[in-house]
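Engineer: The following comprises the amino acid sequence and a computationally predicted model.
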Amino acid sequence: MESLLRLQNSNYNSEIYTKLLEKIVWFSPMLVMNQYFTGGIPLEIGNLSRLEILSIPGGSLTGIIPSFVFNLSTLNIINLANNSLSRSLPVDINLKLPELEQLYRSFNQITGGLPANIGNLTRLKYLYLANNRLTCELPDELGNLKLEKVNVHNNSLFGTIPISMFNISTMKMMKFSANQFSGNLPSTIGLSLPNLEELYLGDNRLTGVIPSSITNASILTILNTGPNFLTGTVPNFGNLRLLKHLMIGENNLTGESSSPELRFFSSLTNCLYLELIEVSLNQLNGILPASIGNFSISLQVFRAFGCHIKGAIPEETGNLSSLADLYLDSNQLTGFIPRTLGKLNVFNVYVLNTINLMDLPRRALPVKQFG
């Protein structure tokens with residue numbers, strides 16, 4: 001069995017760790033240091049020629065990542081997340097780290113860009129670079145890899161998301177949110193993503209439509225496309241039967257012009273595990289169908305405020321037994337608030353800031369907020 005050197009859960013300073021490392025550089029291919037490790041990365045780590053796993057997350061490491069870290073050619077996993085480290089990835093990273101499978105450098109102070117040669121790290125599966133200061137376009141070469149998880153959330157990445165990344169059949173999670181990506185989503189999105197479970201595209205500058213082909217990613221559980229500048233009709237998501245979170249709010253999406261009812265809501269009744277629906281601040285311009293009462297019994301949050309929704313709130317809304325938050329305010333609803341809502345153990349109901357909607361006696365609705 002491979003030996004593991006684990007130095008964690010202590011408040012020793014880096015000098016003590018350094019002395020330990022001087023005595024065991026021959027010992028272990030795995031080095032794990034967790035919590036309270038302060039200072040810089042010990043130079044002695046550069047002598048661990050057999051090292052396969054370097055894990056020092058969640059500490060208080062500061063300064064520039066020493067170049068020797070990228071010269072340990074046997075490394076499979078580098079985890080330096082949640083520190084205050086800087087240094088861009090080396091241009092020849094594929095030559096220096098040919099065995100690298102997992103790279104975790106989220107929550108640091110990494111600047112600059114990603115080298116095109118990262119696409120030659122043929123073993124790379126997990127790439128986590130979230131919450132840094134990256135300012136670049138994603139290299140097309142990333143699409144050459146058999147990635148499973150990519151997280152570049154909250155950087156300053158720009159340009160279009162490479163189409164090639166939507167053709168990586170091994171992909172399970174893509175998190176591109178909170179950047180400055182622009183352009184349209186590829187019309188074939190979803191056709192080559194049979195293993196995709198989570199897709200985060202929100203808080204960018206994306207335009208165009210949500211392609212209906214997204215529903216071919218049939219095991220998707222989380223879809224987040226808002227806020228952006230997306231337009232067109234909301235697709236039928238009924239094929240995404242495992243969907244749990246649908247977040248498409250703060251776009252310019254519309255309902256189908258051929259029907260007064262918002263039929264995409266009816267398609268969501270096929271999604272048996274739905275917990276959250278967020279469609280607020282779009283231009284839906286339609287009527288809520290009675291079928292929303294057939295949403296998943298797991299549904300906890302339904303947000304559709306500021307969507308130009310018209311007509312009455314369906315009585316069937318009271319069937320949503322797990323509902324905790326209902327936001328339908330700032331619409332054009334008419335009629336009465338259904339008495340059926342009174343049987344729900346909801347924490348927050350916001351429906352009254354609308355046109356011509358009449359309140360029922362509050363005692364009929366045991367909710368904390370009703371405004």
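Structural biologist: Yes, it's here. Numbers count the residues shown, from 1 in each chain.
Engineer: all helices of the stretch 151-300 of the chain, in order?
Structural biologist: Taking DSSP state H, counting those that start in this stretch as the criterion, the stretch 151-300 of the chain contains helices spanning 263-267.
Engineer: Show me where it dips below the pLDDT cut-off.
Structural biologist: Using pLDDT under 70 as the threshold, the predicted model of the stretch 151-300 of the chain has no low-confidence range.
Engineer: try 90
Structural biologist: Low-confidence segments of the stretch 151-300 of the chain, defined by pLDDT under 90, span residues 257-259.
Engineer: In contact with Leu95, which residues?
Structural biologist: With CB atoms under 8 Å, 6 or more residues apart in numbering as the criterion, the residues that contact Leu95 are Asn117. C-beta: built from backbone N, CA, C; applies to glycine.
Engineer: Quick check: Asn345 vs Leu323, distance?
Structural biologist: As judged by CB to CB, to the nearest Å, Asn345 and Leu323 stand 8 Å apart.
Engineer: who's more crowded, those two?
Structural biologist: Leu323 (22 against 10; other CB atoms under 10 Å).
Engineer: you'd agree the more buried one is up against Leu299?
Structural biologist: Yes - under the criterion of CB atoms under 8 Å, Leu323 lies in contact with Leu299, with a separation of 6.0 Å.
Engineer: Asn131 versus the closest residue to Ile163 other than its chain neighbours, what's the distance?
Structural biologist: Once its chain neighbours are removed from consideration, Ile163 has its nearest residue in Pro186; the separation is 4.9 Å (CB to CB, 6 or more residues apart in numbering). Applying CB to CB, one obtains 27 Å for the distance of Pro186 from Asn131.
Engineer: likewise Cys307?
Structural biologist: 31 Å.
Engineer: So the two - more neighbours on which side?
Structural biologist: Remark: of Cys307 and Asn131, Cys307 carries more neighbours, 25 against 20, as counted by other CB under 10 Å.
Engineer: residue contacts, the more buried one?
Structural biologist: When the contact criterion is CB under 8 Å, 6+ apart, the partners of Cys307 are Val279, Ser280, Leu281, Asn282, Gln283, Leu284, Asn285, Asn331.
Engineer: possible to save those residues as CSV with distance to Ser60 and neighbour count?
Structural biologist: Below are the contacts of Cys307 laid out as CSV (distance: CB to CB, whole Å; neighbours: other CB atoms under 10 Å):
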residue, distance to Ser60, neighbour count
Val279, 42, 26
Ser280, 39, 23
Leu281, 40, 19
Asn282, 43, 23
Gln283, 48, 14
Leu284, 48, 25
Asn285, 52, 15
Asn331, 49, 24
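Engineer: ok, of those residues, which one's closest to Gln109?
Structural biologist: Distances from the contacts of Cys307 to Gln109 were compared by CB to CB; the smallest belongs to Leu281, at 33.3 Å.
Engineer: ok, the closest one - contacts?
Structural biologist: When contacts are counted by CB under 8 Å, 6+ apart, Leu281 touches Gly226, Pro227, Gly249, Glu250, Asn251, Phe305, Gly306, Cys307.
Engineer: let's go with 7 Å and repeat that
Structural biologist: Leu281 makes contact with Gly249, Glu250, Gly306 under the criterion CB atoms under 7 Å, 6 or more residues apart in numbering.
Engineer: my guess is Glu316 is in a helix, correct?
Structural biologist: Yes - note on Glu316: a helix contains this position according to DSSP: H, G, I helix; E, B strand; the rest coil.
Engineer: Count the residues that sit near it.
Structural biologist: Neighbours of Glu316 using other CB under 10 Å come to 17.
Engineer: and it, what pLDDT?
Structural biologist: Looking at Glu316, its pLDDT reads 96.
Engineer: Check the one 5 residues further on too.
Structural biologist: The model reports Ser321 with a pLDDT of 93.
Engineer: how about the nearest residue to it, chain neighbours excluded?
Structural biologist: For Ser321, the nearest residue in space outside its immediate sequence neighbours is Ile297; the separation is 5.9 Å by CB to CB, 6+ apart.
Engineer: ok, how many other residues are close to the one you found?
Structural biologist: Under the neighbour criterion other CB under 10 Å, Ile297 is assigned a count of 13.
Engineer: Tell me how far it lies from Leu61.
Structural biologist: Ile297 is 46 Å from Leu61, by CB to CB.
Engineer: wait, what's in contact with Phe180?
Structural biologist: No, residue 180 isn't Phe; it's Gln. If a contact means CB under 7 Å, 6+ apart, then Gln180 has Ser156, Leu157, Phe158, Asn204, Arg205 as its contacts.
Engineer: if you set the cut-off to 10 Å instead, what comes out?
Structural biologist: Under the criterion of CB atoms under 10 Å, 6 or more residues apart in numbering, the contact list for Gln180 reads Thr135, Asn155, Ser156, Leu157, Phe158, Gly159, Asp203, Asn204, Arg205.
Engineer: what are the phi and psi angles of the third one?
Structural biologist: Translated: Ser156. Note on Ser156: its backbone torsions stand at phi -120, psi 40 [degrees, to the nearest 10].
Engineer: show me the contacts for it.
Structural biologist: Contact partners of Ser156, counting by CB under 10 Å, 6+ apart, are Thr111, Asn132, Arg133, Leu134, Thr135, Cys136, Ala178, Asn179, Gln180.
Engineer: what's across from the third one in the sheet?
Structural biologist: Per DSSP bridges, the residues bridged to Arg133 are Thr111.
Engineer: Would you confirm that it contacts Gln109?
Structural biologist: Yes - taking CB atoms under 10 Å as the contact criterion, Arg133 and Gln109 are neighbours in contact, 6.2 Å apart.
Engineer: hang on, the earlier thing: which of the contacts of Leu281 ranks first by neighbour count?
Structural biologist: The residue in the contacts of Leu281 with the most neighbours, by other CB under 10 Å, is Gly249 (23 neighbours).
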